[in-house]
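Chemist: with the input below, show me the fold.
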Amino acid sequence: MIAKDGTTKFAELSVSLRRDSEGRPVGFRGVARDISERKKAEEQAKLHQQQLIQASKMVALGTLVSGVAHEVNNPNSFIMLNSPILKGAWENAMPILDKYYEENGEFILGGVR
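Modeler: Model prediction:
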């Protein structure tokens, strides 16, 4: 409904048909109740629910991103921790490999010439 001041109102109606003594319809009788506040509260609750759903999605996304970061960081950490060990092993092996090369010529190590 539109009120006299131009604002939109919501109403709940209960209407029944009135009949005369011979059973012919002569009009209606009804009651209207202004439910604008209830409608406003329902819309506000719906908005809050949508915001909660959006927040839940963001939490799920954050959890997913955190898990992916963890899965990426684990191998990186392993590599970073073991690289100095591998570097040291390579530096220690190079004189031995150079000597072997001088004595025997080309050779294959780990599938590489």
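Chemist: in which helix or strand does residue 5 reside?
Modeler: For residue 5, there is no enclosing helix or strand under DSSP states H and E.
Chemist: can you give me the neighbour number for it?
Modeler: Neighbourhood size, residue 5 [other Cβ atoms under 10 Å]: 6. C-beta here means a position set from N, CA and C on the backbone, and glycine is covered the same way.
Chemist: what's the answer for residue 10, then?
Modeler: Around residue 10 there are 14 residues (other Cβ under 10 Å).
Chemist: from memory it sits against residue 32, does it?
Modeler: No - counting by Cβ atoms under 8 Å, residue 10 sits too far from residue 32 to count as a contact (10.4 Å).
Chemist: give me the common contacts of those two.
Modeler: residue 1 (Cβ atoms under 8 Å, 6 or more residues apart in numbering).
Chemist: any idea how far stretch 52-70 is from the chain center?
Modeler: In terms of Cα atoms, centre = their mean, to the nearest Å, the centre of stretch 52-70 is found 6 Å from the chain centre.
Chemist: and that stretch, average pLDDT?
Modeler: Average pLDDT, stretch 52-70: 95.
Chemist: what sits up against it?
Modeler: Contacts for stretch 52-70 (Cβ under 8 Å, 6+ apart): none.
Chemist: mind saving the C-alpha coords of stretch 91-103 as CSV?
Modeler: What follows is stretch 91-103, C-alpha atoms only, in CSV (Å, rounded to 0.1, in the frame of the first residue of the first chain):
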residue,chain,number,x,y,z
GLU,A,91,82.4,-29.4,-3.9
ASN,A,92,84.0,-32.4,-2.1
ALA,A,93,83.2,-34.7,-5.1
MET,A,94,84.5,-32.4,-7.9
PRO,A,95,88.2,-33.1,-7.3
ILE,A,96,87.5,-36.8,-7.3
LEU,A,97,85.4,-36.5,-10.5
ASP,A,98,88.0,-34.3,-12.2
LYS,A,99,90.7,-36.9,-11.4
TYR,A,100,88.5,-39.8,-12.7
TYR,A,101,87.9,-37.8,-15.9
GLU,A,102,91.6,-37.2,-16.5
GLU,A,103,92.4,-40.9,-16.0
